[in-house]
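> Got a predicted structure plus its sequence, pasted below:
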Amino acid sequence: MTNPYTGRPDTAFWRRSMSARPVADIDPVTSVPFTIGEQEPVATAGSCFAQHIARTLVRRGFSYLVTENPSSEGDSLARGYGVFPARFGNIYTARQLLQLFRRAYGMFDPHDVAWRRPDGRYVDPFRPQIEPAGFDSAQAVAAELEVHLAAVREMFETCRVFIFTLGLTEAWESRIDGAVFPLAPGVVSDSQDDADYAFHNFSVAEVEADMLAFVDRLRKVNPGVRIILTVSPVALMATYEDAHVLVSTTYSKAVLRVAAHAVSKLRQDVAYFPSFEIITGPQGGRAMYEEDLREVRQSSVDHVMSIFARHFLDASRGGATPPAAGPAARARDRSVLEQEMLEAQGVICEEEELDRA
């Protein structure tokens, strides 16, 4: 006699695939819908943890797409070049990603253009750390935006694979037009009217709807693009909810995980990679994190990336001939920028400003 579980693979059973196994031997990926060829342009976006994927691609000789490049050498990463394909900084929420697409294609022109810092310099509200020294004026912020959005369009249209790491559900938005920001106004500026902004914690339904809208819009400008979703295992730096930060972190990650699962089931060629489960599962526990229990140890990052490479990176397959690169990508000095990426220590994370503030 048999039951419905007879013949199921070992990965379907906790005792066989998890109990008494060394952490290094636990691989929760059972199958992937596609692999990435060595010559296929790959774009990444998302929270701080997404930067590890970019470095893995560069380190292994895959085609990491960069469309916005510095005009001169030096401190490129500190100014946001090469951290992601274009200088959009960390994109923590699904709404922020959808907003970036809408802005790039002229579907949304936000009311907020520049915020004034306490030192009198100005920042871009949507990427407040791309210029550590700030801008001279609000006009300077606006002038730089056209080049940036052109680079964003190039990224969306030329990537063959787009990898997005969902990080947060908590955000601050404008009461005027609904624009969302990576940081609360008061964290990086001193001249905003608090009445114009409100805190919002996105639900599963909102995150799912935003991600589906983004996928559908992206495929209108890039029909063949494949997408990988993952959830950051890094805890919230701070919460604005009336709750312990651990409780808020658990809520955020649960929402993002459920939404990512739903989107991967509702759209073809959308894969989910379980970086969150690899780090936060009981097999690793405290050993996966630094002493602060938030930052992921480099050895743990390496473990996650080795599993990612094992399943998704196919160096034996060159992939389809990549589309012709735009002017920004052609002008790129790959050796200098890539070397900066590989030598960088840690990741660049706007959210850390919450603790410093």
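Thanks, I have the structure now.
> Show me what the residue positioned nearest the centre of the chain is bridged to.
With distances taken as CA atoms, centre = their mean, the chain has residue 46 as the residue nearest its mean C-alpha position (1.3 Å). Going by DSSP bridges, residue 46 is paired in beta bridges with residue 165.
> That one reaches residue 167, doesn't it?
Yes. Using CB atoms under 8 Å, residue 46 makes contact with residue 167 at a distance of 6.0 Å. No exception for glycine: its C-beta is placed from N, CA and C like everyone else's.
> Common neighbours of the two, please.
90-92, 232 (CB atoms under 8 Å, 6 or more residues apart in numbering).
> now, which of those residues sits nearest residue 223?
Distance to residue 223 across those (CB to CB) is lowest for residue 91, with 22.7 Å.
> Just the pLDDT for that closest one.
We note a pLDDT of 96 for residue 91 in this prediction.
> How confident was the prediction at residue 189?
pLDDT, residue 189: 80.
> Revised request: answer the last question for residue 56.
89.
> Next, it: secondary structure please.
Assigned with DSSP: H, G, I helix; E, B strand; the rest coil, residue 56 falls in the helix class.
> Double-check it against residue 309; I have them as touching.
Yes. The pair residue 56 / residue 309 is scored as a contact, 6.4 Å apart, by CB under 8 Å.
> Look at those two and report which has more neighbours.
Comparing residue 56 with residue 309 by neighbour count (other CB atoms under 10 Å), the higher total belongs to residue 56, at 21 against 18.
> Tell me how many other residues crowd the residue nearest to that one when sequence neighbours are not counted.
Spatial nearest neighbour of residue 56, chain neighbours left out: residue 305 (4.4 Å); criterion: CB to CB, 6 or more residues apart in numbering. Residue 305 has 20 neighbours, counted by other CB under 10 Å.
> Just the element for residue 305, please.
Element membership of residue 305 [criterion: DSSP states H and E] is helix 298-312.
> Helix or strand next in line after that helix, which one?
According to DSSP H and E, the helix or strand after helix 298-312 is strand 313-314.
> Run through the strands of the chain in chain order.
36-37, 42-46, 115-116, 122-123, 161-166, 170-174, 180-181, 197-201, 226-231, 270-272, 313-314 (DSSP state E).
> Show me where the protein dips below the pLDDT cut-off.
1, 72-75, 191-193, 317-357 (pLDDT under 70).
> can you give me the helices in it?
Using DSSP state H, the helices of the chain run over 14-17, 50-59, 94-104, 138-158, 185-188, 204-221, 245-266, 275-280, 298-312, 327-330, 334-343, 352-356.
> so which of those comes closest to residue 2?
Here helix 14-17 is closest among the helices of the chain (CB to CB), at 17.6 Å.
> can you tell me which of the shared contacts of residue 46 and residue 167 lies nearest to residue 258?
residue 232 (14.9 Å).
> what about residue 64, distance to residue 161?
10 Å (CB to CB, to the nearest Å).
> Identify the contacts common to the two.
Residues touching both residue 64 and residue 161 (CB under 8 Å, 6+ apart): 41-42.
> quick one on the thing from earlier: among the shared contacts of residue 46 and residue 167, which pair sits farthest apart?
91 and 232 (11.2 Å).
> returning to what we had before: closest one of the shared contacts of residue 46 and residue 167 to residue 197?
Nearest member of these to residue 197, counting by CB to CB, is residue 92, at 16.0 Å.
> Next, count neighbours for that closest one.
Using other CB under 10 Å, residue 92 has 28 other residues around it.
> That one against residue 164, yeah?
No. Applying CB under 8 Å, one finds residue 92 not in contact with residue 164, separated by 11.0 Å.
> Return every residue with contacts to both of these two.
residue 46.
> from the chain's centre, how far out does stretch 90-104 sit?
10 Å (CA atoms, centre = their mean, to the nearest Å).
> Apologies, that question was intended for stretch 116-135.
Stretch 116-135 sits 21 Å away from the centroid of its parent chain (CA atoms, centre = their mean).
> how much space between residue 285 and residue 218?
37 Å.
> Pick out whichever of these two has more residues nearby.
More crowded of residue 285 and residue 218, by other CB under 10 Å: residue 218, with 19 against 11.
> in terms of contact, does that one touch residue 159 like I think?
No. With contacts counted by CB under 8 Å, residue 218 stays clear of residue 159, the gap being 9.2 Å.
> List the residues that are in contact with both of the two.
What both residue 218 and residue 159 touch, as defined by CB under 8 Å, 6+ apart, is the set residue 225.
> hang on, the earlier thing: winner for burial among the strands of the chain?
Of the strands of the chain, the one with the most neighbours on average (mean count of other CB atoms under 10 Å) is strand 161-166, at a mean of 26.
> which strands and helices sit next to it?
Packing partners of strand 161-166 (3 or more CB pairs under 8 Å, 6 or more residues apart in numbering; DSSP states H and E): strand 42-46, helix 50-59, strand 226-231, helix 245-266.
> Residue 35 is nearest to which of those?
strand 226-231 (9.6 Å).
> Convert that closest one to CSV, retaining C-alpha atoms only.
What follows is strand 226-231 as a C-alpha-only set of coordinates in CSV (Å, rounded to 0.1, in the frame of the first residue of the first chain):
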residue,chain,number,x,y,z
ARG,A,226,13.8,36.6,-17.0
ILE,A,227,13.5,37.6,-13.3
ILE,A,228,14.9,36.3,-10.1
LEU,A,229,13.3,37.4,-6.8
THR,A,230,14.9,36.9,-3.4
VAL,A,231,14.3,38.3,0.1
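> Fine by me, thanks again.
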